[in-house]
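**Q** Output the structure for:
(one chain, ligands or ions: 1)
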Amino acid sequence: MKTILLFTFTIALTVGLCGQVQVKPFPKPGYESRISNYISDMKVVDTHEHLEDQADWIKPGKLDFMLLLQHYAYDDIRSAGMPKQTFNKLLTDSLTVMEKWTILRPYWEATSNTAYCRAALLTANKLFGVKDLNEKTVEDLSAKIKKAYQTDWYNQVLVKKCLIDHVLVDEDNSMLGDPLMFKHVKRFGEFIFAVSAQKIETIAKAQNTPIHTLDDFVKALGVAFHNALDHNNVAIKIGVAYERDLFFDDVTKEKADEVFRKIMALPEGSVLKYNGSEIKPLQDYMVHRILDLARATNTPVQFHTGLQAGDGNFIENSNPAHLTNLFLKYRDVKFILFHGGYPFGGELASLAKGFKNVYIDMCWLYIISPSYSERYLHEWLETVPASKIMAFGGDFRNVENIYGHLLFAKQVVTKVLTEKVRDGYFTEEEAIKIAQMILHDNAIRILNLDKN
Ligand SMILES: [Zn+2]
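**A** Below is the predicted model of the structure:
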């Protein structure tokens, strides 16, 4: 009996270590550290941030340990029960660092298991040498953060530590500096969510051209689009999965015009519900017009798919499969599907495999779940051409969290590629080439960064 058990155990262990499929010879010893060193030292393109200027952070109440917890860790702290008003108070200077910690502590203990919070811990450790968040460390960490902002901190973190050579920043922030490094991505929310005559009038005033008809409105979109391209915007972002589903019907001009006229005739102060069925035909029509412009100018389009931050969202709205009619109609537009489609990773694989014009972007993903990222990167490297995967975007407003997120990303990419080499699926050379593609070269090519 003992022998049978031992035999079964040995077989199970061998199968477990060998992975699924061996195609290439097993690697030479030392491949783990060679792959890891290559990834650790390589330059990276960061495909998605909400980065604010360094100067914007140097304000009362902003530079303390809470800097590492805003944006995403906040979502889990709220999910663990902290009211929004309480959290917002922690981002002001109305409390001392220790008072903030005392309020945060029970929620932190409830939720510090999540990857959002783990990323904050890794950042505190790797950037500031602070090994934990507790009553003994928060004051020291806060002092170190404040001191860092007296230096050329953004440069030190983004360029010297992250080795990032291009960052795509969502919406324009021209304060950020070097236009070769900081590229921008434009949303046209004012055209998609034009729910009242006043909103349309605001666009007309900004362009100094009256808008009376749907044709005028589409023309104004064209002006805004070309203006964005002239101002260092290299892609379009469509983030409407927070407000509505991602199925954009190919509606007739007449149908869209009906809605447009209705909006223009609304009494002052009235609006159409911005995520309602009444406005949907006009929204659908305008998204198609954005895609016409993207096609005519070879501008890639980033779509939010999958998880929406915060509460009150409908996850089924964001399923990337809703976009299929667009992939079919706009064969020459590059559709970049964000956030690894979490939790629709299988759907995303099918779409990126089947459609030449669909790309996977893993921004935000590693801090949502390192396990999902690992599982699906394994799967996507088996299902989708590696040339169509972009494997890093921090999706943060401040550089510290970008660094922490990049450390997560590099660990996961290293682990997946090392396992694929260990199993004989890739050679070591192939794995290194793929790292170079998914963390750098693909983004340069797909986003036309060598031409802009
Ligand atoms: Zn984002």
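
**Q** how much space between the nearest residue to residue 28 once chain neighbours are set aside and residue 378?
**A** Distances taken as CB to CB, 6 or more residues apart in numbering place residue 428 nearest to residue 28, at 7.3 Å, with adjacent residues excluded. Yep, even glycine has a C-beta here, placed from its N, CA and C like the rest. As judged by CB to CB, to the nearest Å, residue 428 and residue 378 stand 17 Å apart.

**Q** Below-threshold pLDDT in the stretch 1-150 of the chain: ranges please.
**A** Scanning the stretch 1-150 of the chain for pLDDT under 70 picks out the ranges 1-19.

**Q** cutoff 90 now
**A** Under the criterion pLDDT under 90, the flagged ranges of the stretch 1-150 of the chain are 1-20, 61, 70-71.

**Q** So the residue nearest to residue 28 sits against residue 35, correct?
**A** Yes - contact criterion CB atoms under 8 Å: residue 428 and residue 35 qualify, at 6.6 Å.

**Q** list the residues that contact both of these two?
**A** Residues touching both residue 428 and residue 35 (CB atoms under 8 Å, 6 or more residues apart in numbering): residue 421.

**Q** and these two? which has more neighbours close in?
**A** Counted by other CB atoms under 10 Å, residue 428 and residue 35 do not tie: residue 35 has more neighbours, with 24 against 20.

**Q** would the more buried one count as being in a helix?
**A** Yes - looking at residue 35 with DSSP: H, G, I helix; E, B strand; the rest coil, it is inside a helix.

**Q** Contacts only, for it.
**A** 414, 417-418, 421, 428, 431-432, 435.

**Q** same deal with residue 51?
**A** 167, 169, 173, 176, 182, 396-399, 402.

**Q** chain center to the helix or strand where residue 224 lies, what's the gap?
**A** When elements are defined using DSSP states H and E, residue 224 is found to belong to helix 214-230. How far helix 214-230 lies from its chain's middle: 26 Å, per CA atoms, centre = their mean, to the nearest Å.

**Q** Need the contact partners of it.
**A** Residues contacting helix 214-230 (CB under 8 Å, 6+ apart): 184, 186, 188, 191, 194, 200, 203-204, 207, 209-211, 253, 256-257, 260, 286, 289-290, 293, 297, 299.

**Q** can you pull the buried residues of that helix?
**A** For helix 214-230, burial by neighbour count (16 or more other CB atoms under 10 Å) applies to 214, 216-218, 220-221, 224-225, 228.

**Q** What's the per-residue pLDDT of residue 225 here?
**A** pLDDT for residue 225: 97.

**Q** Tell me the spacing between it and residue 235.
**A** Distance from residue 225 to residue 235, by CB to CB: 12 Å.

**Q** Now for the two: what residues contact both?
**A** residue 186.

**Q** can you map out the helices along the stretch 351-452 of the chain?
**A** 365-368, 370-383, 399-422, 428-436, 442-446 (DSSP state H, counting those that start in this stretch).

**Q** wait, which of these is closest to residue 53?
**A** helix 399-422 (10.7 Å; CB to CB).

**Q** which of the residues in that closest one are buried?
**A** Buried-residue list, helix 399-422, by 16+ other CB under 10 Å: 399-422.

**Q** In three-state terms, label residue 71 for me.
**A** Once three-state DSSP is applied, residue 71 turns out coil.

**Q** what's the neighbour count on it?
**A** 17.

**Q** Pretty sure residue 402 is one of the things it touches, is it not?
**A** No - the criterion here is CB under 8 Å, and residue 71 misses it with residue 402 at 10.7 Å.

**Q** Next, show the common contact partners of the two.
**A** Common neighbours of residue 71 and residue 402 (CB under 8 Å, 6+ apart) are residue 396.

**Q** measure the most centrally placed residue in the chain to residue 293 for me?
**A** Geometric centre of the chain, nearest residue: residue 363, 3.5 Å, by CA atoms, centre = their mean. Distance, residue 363 to residue 293, by CB to CB: 23 Å.

**Q** Likewise for residue 255?
**A** 20 Å.

**Q** Would you mind confirming that residue 79 is in contact with residue 111?
**A** Yes - the criterion here is CB under 8 Å, and residue 79 meets it with residue 111 at 7.1 Å.

**Q** Between those two, which has more neighbouring residues?
**A** residue 111 (19 against 15).
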